[in-house]
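Peer 1: This is a predicted model, with the sequence first.
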Amino acid sequence: MYLHLGGDVVLRYADIIGIFDMDHASVSRRTRDFLACSQKAGDVVSVSEELPKSFVVASAKGRTTVFLTQISSATLRRRM
């Protein structure tokens, strides 16, 4: 099965590590550090030009990627 994140981005369920709400998860210093390190490494993909509401961490072929999406984490969970 697949999850549509918006735009032209679709992920396999098996590749998804987690779906996180941007407002709640970014409160933690560890999460902010993780997002900053991912950004520096070039592992962050913005699905839309809009302000992100959630982010999805996925791993495929040994590489971890963070997808920023304008779709809320609750909506993404319902789609799964």
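Peer 2: Good, I have the coordinates. Residues are numbered from 1 along each chain as shown.
Peer 1: How about the contacts made by the closest residue to Met1 other than its chain neighbours?
Peer 2: Excluding the flanking residues, the one nearest Met1 by CB to CB, 6 or more residues apart in numbering is Tyr13, at 4.8 Å. C-betas here are computed from N, CA, C, even on glycine. Each residue near Tyr13 by CB atoms under 8 Å, 6 or more residues apart in numbering is listed here: 1-3, 80.
Peer 1: mind saving the C-alpha coords of the helix or strand bottoming out on mean pLDDT in the chain as PDB?
Peer 2: Of the helices and strands making up the chain, the lowest-confidence element is helix 22-25, at a mean of 91, by mean pLDDT, DSSP states H and E. Taking only C-alpha atoms (Å, rounded to 0.1, in the frame of the first residue of the first chain), the coordinates of helix 22-25 have been written out as PDB:
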ATOM      1  CA  MET A  22       5.000  19.800  13.400                       C
ATOM      2  CA  ASP A  23       3.600  21.900  16.200                       C
ATOM      3  CA  HIS A  24       3.800  19.200  18.900                       C
ATOM      4  CA  ALA A  25       7.000  17.400  17.800                       C
END
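Peer 1: Buried residues, it. List them.
Peer 2: Buried residues in helix 22-25, counted by 16 or more other CB atoms under 10 Å: 22, 25.
Peer 1: Much appreciated, bye for now.
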